[in-house]
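>>> Structural data only, the sequence is not supplied:
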């Protein structure tokens, strides 16, 4: 069966510090991978998606970047965090075909102080 | 008009009650539909997909009305453990590689009380 791992679960970082969140998927090949952010009391916002190694699409302009160095690894990064980067970050995967549901990692609750 | 709209609630119901949520979507070309459940401070988890003919999974029934562009979720015999936020999701993707077009509603909050 497929599993998705995301870490860390909680993170407190000072403004201006770098960020690296990692997500890995097991039990499937060539998944579509996604990074979402959910701000307090708000809906899920798609930040990045990837349909293959090295292929990243950004949905919204922001202070973050994403990379996919391996088929089942997706990394969310920032060189310098802003207070507004605080939120609940979720990695998700879906099968590499249309109209399928997405499955989420446990999420990382990031607080920038 | 928002792409996917849900009544935010909260819905407060007693145990054993039947509760229904509706969700409307704006893109008539949408291809697939889902209900997710999200517990407080947790990740969303797939509750059920919604098929054109309607589908049932235990106490949960999902319906799709393409003509009116809405999706519904019915929960019968509510349990305390059903308390959560229910997210309506619409996939506008067409063909491989378009899975990114998952459009999420803001969710409907349900509180089942003893």
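Arrived safely. Since the structure is predicted, the reported quantities are computational estimates derived from the model, not experimental observations. Residues are numbered from 1 along each chain as shown, chains lettered A, B, ... in the order given.

>>> just checking, what packs against the lowest-mean-pLDDT helix or strand in chain B?
The weakest-scoring helix or strand in chain B, judged by mean pLDDT, DSSP states H and E, is strand B:102-104 (a mean of 86). Taking 3 or more C-beta pairs under 8 Å, 6 or more residues apart in numbering or on different chains; DSSP states H and E as contact, the helices and strands that strand B:102-104 lies on are strand B:84-91. Every residue, glycine included, has its C-beta placed from N, CA and C.

>>> quick one: is the strand or helix carrying residue B:46 near chain A?
Assigned by DSSP states H and E, residue B:46 falls within strand B:44-50. Yes. Strand B:44-50 reaches chain A (C-beta under 8 Å from any C-beta of the partner chain) through B:44, B:45, B:46, B:49.

>>> picking that back up, what's in contact with the least confident helix or strand of chain B?
A:43-44, A:46, A:102, B:3-4, B:25, B:27, B:30, B:87-93 (C-beta atoms under 8 Å, 6 or more residues apart in numbering or on different chains).

>>> ok, 7 Å please
A:43, A:44, A:102, B:3, B:4, B:87, B:89, B:90, B:91, B:92 (C-beta atoms under 7 Å, 6 or more residues apart in numbering or on different chains).

>>> got the buried residues for stretch A:84-103?
The neighbour-count check on stretch A:84-103 (16 or more other C-beta atoms under 10 Å in any protein chain shown) flags A:85-96, A:98-103 as buried.
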